[in-house]
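Novice: I'd like to go over a predicted model; first the sequence, then the structure.
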Amino acid sequence: MPYDYTQDGAASYMRDQHSFEAWLFINHLALQMLYAIIGALAEKGLTDKYSFEDVMALLKHVRTNRINSERMQTIITRHTAILCQELGIELEEPTKIKGLV
């Protein structure tokens with residue numbers, strides 16, 4: 001019989017079967033994102049230069065702000081701009097971000 005994590009309280013955030021299935025689904029999506037990024041790095045020949053953690057560390061600060069009902073991209077670092085250029089991620093128009101996915 002498989003171990004039932006929802007019954008013992010070891011994972012307090014998983015109160016029922018639905019929570020557990022949602023947790024599994026979110027992890028599935030996260031893995032798909034991870035492999036898409038790793039695949040894009042491999043396709044461009046950048047695996048010796050960047051890791052998944054590097055990409056996440058650089059891209060997590062890319063944001064847009066709404067100013068007077070208009071979206072404006074925040075300032076990004078030179079390293080982030082270089083990574084985006086190498087991966088083919090276009091950040092010029094925040095409403096149409098293209099790239100990895």
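Specialist: That came in fine, so what should we check first?

Novice: contacts, neighbours, all on C-alpha from now
Specialist: Noted.

Novice: could you count how many residues lie near the closest residue to Leu34 other than its chain neighbours?
Specialist: Excluding the flanking residues, the one nearest Leu34 by CA to CA, 6 or more residues apart in numbering is Phe52, at 7.1 Å. Using other CA atoms under 10 Å, Phe52 has 14 neighbouring residues.

Novice: ditto for the one 5 residues further on
Specialist: If you count neighbours by other CA under 10 Å, Ala57 ends up with 11.

Novice: by contact count, what packs against the helix or strand that contains Ala40?
Specialist: According to DSSP states H and E, Ala40 maps onto helix 17-43. Applying 3 or more CA pairs under 8 Å, 6 or more residues apart in numbering; DSSP states H and E, we find helix 17-43 packed against helix 52-59.

Novice: what's downstream of the helix it packs on, the next helix or strand?
Specialist: As assigned by DSSP H and E, the chain's next helix or strand after helix 52-59 is strand 64-67.

Novice: now the element after that following strand, going C-ward?
Specialist: The first helix or strand that comes after strand 64-67 along the chain, using DSSP H and E, is strand 70-73.

Novice: what comes up buried for whatever helix or strand comes next after that following strand?
Specialist: Downstream of strand 70-73, the next assigned helix or strand under DSSP H and E is helix 78-87. By neighbour count on 16 or more other CA atoms under 10 Å, the buried set for helix 78-87 is Thr80, Ala81, Leu83, Cys84, Leu87.

Novice: coming back round to it: same question for the helix holding Ala40, mean pLDDT?
Specialist: Per-residue pLDDT values across helix 17-43 average out to 90.

Novice: and it, which residues are buried?
Specialist: So helix 17-43, judged by 16+ other CA under 10 Å, has buried residues Phe20, Ile37, Ile38, Ala40, Leu41.

Novice: just those now: which is nearest Leu58?
Specialist: Proximity of those to Leu58 was ranked by CA to CA; the top entry is Ile37 with 12.8 Å.

Novice: thought the closest one was touching Phe52?
Specialist: Yes: shown here, Ile37 and Phe52 form a contact pair, counting by CA atoms under 8 Å, at 6.8 Å.

Novice: related to what we said a few turns ago, any idea how far the helix holding Ala40 is from the middle of the chain?
Specialist: Helix 17-43 has its C-alpha centroid displaced from the chain centroid by 9 Å (CA atoms, centre = their mean, to the nearest Å).
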